[in-house]
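Undergrad: Show me the folded form of this:
(chains A, B, C and D)
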Number of protein chains: 2
Amino acid sequence: MAGQSQNTKERLLEAARGLFAERGYHNATVRDIAARAHTNLASINYYFRSKDDLYREVMRSSFQAPAANGEAVLAPLSGADHPPEERLRAFVRRLIPVSTEEAGDEQHKRLMAWEMLAPTGAIERVEEWEIKPHLDAAQDAVRPFLSGGAGAADIMTTALWLVGQCLVFRKLAAGAGDGFHPIAFTPENSAQLVDLVVTLALRGLGA
Amino acid sequence: MAGQSQNTKERLLEAARGLFAERGYHNATVRDIAARAHTNLASINYYFRSKDDLYREVMRSSFQAPAANGEAVLAPLSGADHPPEERLRAFVRRLIPVSTEEAGDEQHKRLMAWEMLAPTGAIERVEEWEIKPHLDAAQDAVRPFLSGGAGAADIMTTALWLVGQCLVFRKLAAGAGDGFHPIAFTPENSAQLVDLVVTLALRGLGA
DNA sequence: AGACGTTTCAAACGGGCGTTTGATGAAAGG
DNA sequence: CCTTTCATCAAACGCCCGTTTGAAACGTCT
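TA: Below is the predicted model of the structure:
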């Protein structure tokens, strides 16, 4: 019965994704995954050959999910026919979360965080996938504001400076520690936040 | 023999701290800890009552270590008799790493990162200890530059903006992904970095 | 109906985990 | 010299882990 089997396999993937994100690879047990998927323990080894393969499958799908960060951030910025200020604003807008819940794909981010702290080898150099796209886009965003005498290191440093201003909000929105800082990430607040960051950044860059 | 016993207990603490930082609580096994400390398995339950208590002891000592971030960052900034620019510069200088190796206490940071991703309950609200001191100092640093009409939310947002600019370098210096960004954290480079961030931040703040 | 391939399930396997135990060695005091 | 106390150690105890197994349940053909 192919219909139900597909269903079970997808339920397993979803349950595994959630538990891997919550607890990391080693602390997410196959028994818990099977229980959350409402299926039997052995289904994991039936559909995927092992827990390792299941994890690899989760990581693979997490990277090609529509909400993955890299592409969405990069794509619409390449149009060089817009003024530098507008492109910088577009960069900032895409990097700042529009809501606490949205704040990027929370599960995806936690999966990456686990992979950085405790590499399983499923993905070599996660940072390259997670950070480099932002960094490349950031370099494009700040380059027009720097003088021609600026070297590659200067561009990189300034790009990091810009990324940091945006990511700090993303990080604090994602973390559970909202108790002590009274920032709510509603769409309206995010728009104000983008305005503020863009204004301060542009002034900093001397525009 | 009390002398050797103290020695064993301290070796256990050091080994545990290293392994907890590397692998997190659940994946650091008591057998590995004992092996790294060159002692027997049962010593852990002899000197500390359990693995849990050993972990708590590691976390406790990590917070009162001289290299812990909070205090060192906060203390010398409280002098209100310095001009605002100087206090902001002091804030930035303390938050930007002076070398890749130094970049804060790496083990301490990894312990906190583990505790955020996989809370063991040993420390409630790690962020409050790790981030809040920076945030309070940052608010003090930016407050003089804001107009009197700025509300608490504005101050908080601007403080986050400033912290983000500094922490991004700290994070990238600490992470292993140095391959793709050609920034070296020598003392000289750090000084330049501080100058850059301070300059850009001051311009952004309209000073 | 009967045979066949697919999917689900309870039970068990070997291994690593944290912890406990009881023996052994080494100083200290009467 | 014998006892007491503290520190160390090898061995074992349950427990939970990922995986395997063999059979039952199910749908699909002839």
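Undergrad: going forward, measure contacts and count neighbours with C-alpha atoms only.
TA: Will do.
Undergrad: Is chain B within reach of stretch A:143-152?
TA: No: counting by Cα under 8 Å from any Cα of the partner chain, chain B is not contacted by stretch A:143-152; separation bottoms out at 8.6 Å.
Undergrad: Go through that stretch and flag the buried ones.
TA: Neighbour-count burial for stretch A:143-152, counted by 16 or more other Cα atoms under 10 Å in any protein chain shown, picks out A:143, A:145.
Undergrad: so for that stretch, what's the average pLDDT?
TA: Mean per-residue pLDDT for stretch A:143-152: 81.
Undergrad: Now do that stretch: everything it contacts.
TA: A:84, A:155, A:205-207 (Cα atoms under 8 Å, 6 or more residues apart in numbering or on different chains).
Undergrad: Narrow those to those that are buried.
TA: The buried subset of the contacts of stretch A:143-152 (16+ other Cα under 10 Å) comprises A:84, A:155, A:205.
Undergrad: out of those, who's nearest residue A:23?
TA: The shortest approach to residue A:23 among the buried ones among the contacts of stretch A:143-152 belongs to residue A:155, at 37.6 Å (Cα to Cα).
Undergrad: and that closest one, how far is that from DNA strand C?
TA: 46 Å (Cα to the nearest atom of the strand, to the nearest Å).
Undergrad: my read: that residue touches residue A:138, true?
TA: No: assessed by Cα atoms under 8 Å, residue A:155 is found out of contact with residue A:138, at 9.1 Å.
Undergrad: one step back: can you name the two of the contacts of stretch A:143-152 that sit furthest apart?
TA: The most distant members of the contacts of stretch A:143-152, if one measures by Cα to Cα, are A:155 and A:207, lying 15.8 Å apart.
Undergrad: Which parts of chain A are helices?
TA: Counting by DSSP state H, chain A has helices at residues A:2-23, A:30-36, A:43-47, A:51-63, A:69-74, A:84-95, A:106-117, A:126-130, A:132-142, A:152-174, A:187-204.
Undergrad: May I have the third one as PDB, with CA atoms only?
TA: Backbone C-alpha positions of helix A:43-47 (Å, rounded to 0.1, in the frame of the first residue of the first chain) are rendered in PDB as follows:
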ATOM      1  CA  SER A  43      10.000   1.800  10.500                       C
ATOM      2  CA  ILE A  44      13.000   4.000  10.800                       C
ATOM      3  CA  ASN A  45      15.300   1.200   9.700                       C
ATOM      4  CA  TYR A  46      12.800   0.100   7.100                       C
ATOM      5  CA  TYR A  47      12.400   3.400   5.300                       C
END
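Undergrad: which parts of that helix are buried?
TA: Buried-residue list, helix A:43-47, by 16+ other Cα under 10 Å: A:43-44, A:47.
Undergrad: Could you pull up the mean pLDDT of that helix?
TA: So the average pLDDT for helix A:43-47 ends up being 96.
Undergrad: Could you count how many residues lie near residue A:163?
TA: For residue A:163, the number of neighbouring residues by other Cα atoms under 10 Å in any protein chain shown comes to 24.
Undergrad: I'd say it and residue A:137 touch.
TA: No: Residue A:163 sits out of contact with residue A:137 when judged by Cα under 8 Å, with a separation of 9.6 Å.
Undergrad: Residue A:58 and residue A:115, how far apart?
TA: Counting by Cα to Cα, to the nearest Å, the gap from residue A:58 to residue A:115 is 12 Å.
Undergrad: ugh, wrong one, residue A:44
TA: 21 Å.
Undergrad: So for the closest residue to residue A:47 other than its chain neighbours, what's the pLDDT?
TA: Excluding the flanking residues, the one nearest residue A:47 by Cα to Cα, 6 or more residues apart in numbering or on different chains is residue A:9, at 6.5 Å. Residue A:9 carries a pLDDT value of 94.
Undergrad: What count of nearby residues applies to residue A:9?
TA: Neighbour tally, residue A:9, other Cα under 10 Å: 18.
Undergrad: Just to check, it is in contact with residue A:46?
TA: No: when contacts are counted by Cα under 8 Å, residue A:9 is not listed as touching residue A:46 (9.5 Å).
Undergrad: Any chance of the buried residues of helix A:43-47 in JSON lines with distance to residue B:62 as columns?
TA: Below are these laid out as JSON lines (distance: Cα to Cα, whole Å):
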{"residue": "A:43", "distance to residue B:62": "43"}
{"residue": "A:44", "distance to residue B:62": "40"}
{"residue": "A:47", "distance to residue B:62": "44"}
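Undergrad: Name the nearest residue to residue A:62, ignoring sequence neighbours.
TA: Per Cα to Cα, 6+ apart, closest to residue A:62 is residue A:108, 6.2 Å.
Undergrad: Low-confidence stretches in chain A?
TA: For chain A, applying pLDDT under 70 flags the ranges A:1-6, A:64-81, A:97-106, A:112, A:116-133, A:170-187, A:207.
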